[in-house]
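Chemist: the following comprises the amino acid sequence and a computationally predicted model.
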Amino acid sequence: MRRFLIAGNWKMNCGPQETSTLLQEIENIIGNMPEAVDGLVCPPTISLTTASVELQNIEGLALGAQNVHSEDNGAFTGEVSTEMLNEVNCEYVILGHSERRQYFGETDKTVNAKVNKALNDGLKPVICVGESLEQRKADEHKLRVKKQIQAALIGVEDEDASNLVIAYEPIWAIGTGETATPDQAQEMHKMIRKEIADLYSDDAANQIRILYGGSMKPHNAEELLEQPDVDGGLIGGASLKADSFTDIIHIAEELAKSN
Ligand SMILES: O=C(CO)COP(=O)(O)O
């Protein structure tokens, strides 16, 4: 059985001080992560070192970055390398978030290079895919997401597939308060799992975790997380408050217990 992964993408929020405060608040509420649920926080690069220290007190809550470069090192002003992320105990890295695709020139090709680099260097990529509102209205959402997945996974070997996480994030639901309905999320997650089965194997498809992202909040987390192919959440706004983030963790815990 796949374990829930409840992940916070903090985006460009929380410098080192706020990072310490937020993680201490989370620790005060949950202590460690519940047995049945995996957790992840992805602060901005400058706060990773601080987060790494704080997270020593919260068992089961892993650390991730929001981006990485595909080269080892060198003249790439403003970038960070996989080696640097490993040094501060990052386990995951978010790749291909729609905001990076939209504002920072990320393409299917650069995402693919980063996915391979991350896997080669022991980081688990959280690959973000998702369609725009126009694409959904034109009934192109399935094709768009399929293409993003195929492109992101070029060169990724079968044995690495289980280290991947995929996040389905419909762009129209990010930061808008509008959520995909549970049926819409399930339909897309099922299709993504089928795509992984076609590209790799049923085994890989059964193992891979597919997260939903886009205005997941405590009030809608249960109906989304109870869908059979929704294995967790990639949470933006609601991950910036200790109470809403831990509420969602507790919802996942209850669902895991009842399964
Ligand atoms: O983009 C997201 C997570 O990566 C979702 O953000 P919100 O939860 O703020 O909609």
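Modeler: Nice, thanks for sending it over.
Chemist: give me the contact list for stretch 89-102.
Modeler: Residues from elsewhere that reach stretch 89-102 (Cβ atoms under 8 Å, 6 or more residues apart in numbering): 7, 9, 11, 40, 42, 48, 52, 55, 62-68, 82, 85, 106-108, 111, 114-115, 118, 123-130, 148, 152, 165, 167, 169, 171, 174, 234. For the C-beta atoms, the positions are set from N, CA and C on the backbone; glycine is no exception.
Chemist: and the closest residue to the ligand within the stretch 151-259 of the chain, what does it touch?
Modeler: The stretch 151-259 of the chain approaches the ligand most closely through Gly236 (2.3 Å), counting by Cβ to the nearest ligand atom. Gly236 makes contact with 8-11, 174-175, 213, according to Cβ under 8 Å, 6+ apart.
Chemist: which SS class is the residue of the chain most remote from its centre?
Modeler: In the chain, the residue that sits farthest from the middle, by Cα atoms, centre = their mean, is Ala75; the gap is 28.2 Å. State at Ala75, reduced to three classes by DSSP: H, G, I helix; E, B strand; the rest coil: coil.
Chemist: could you pull up the contacting residues of it?
Modeler: For Ala75, no residue meets the contact criterion (Cβ under 8 Å, 6+ apart).
Chemist: give me the distance between it and the ligand.
Modeler: Taking Cβ to the nearest ligand atom, to the nearest Å as the measure, Ala75 and the ligand are separated by 30 Å.
Chemist: just Met84 next, same as before
Modeler: Taken as Cβ to the nearest ligand atom, the spacing of Met84 relative to the ligand amounts to 22 Å.
Chemist: what are the contacting residues of the host helix or strand of that residue?
Modeler: Met84 belongs to helix 82-87 when assigned by DSSP states H and E. Here helix 82-87 makes contact (Cβ under 8 Å, 6+ apart) with 48, 65, 68-69, 72-73, 93, 117-118, 120-123.
Chemist: out of those residues, who's near the ligand?
Modeler: Near the ligand, judged by Cβ under 6 Å from any ligand atom, there are no entries from the contacts of helix 82-87.
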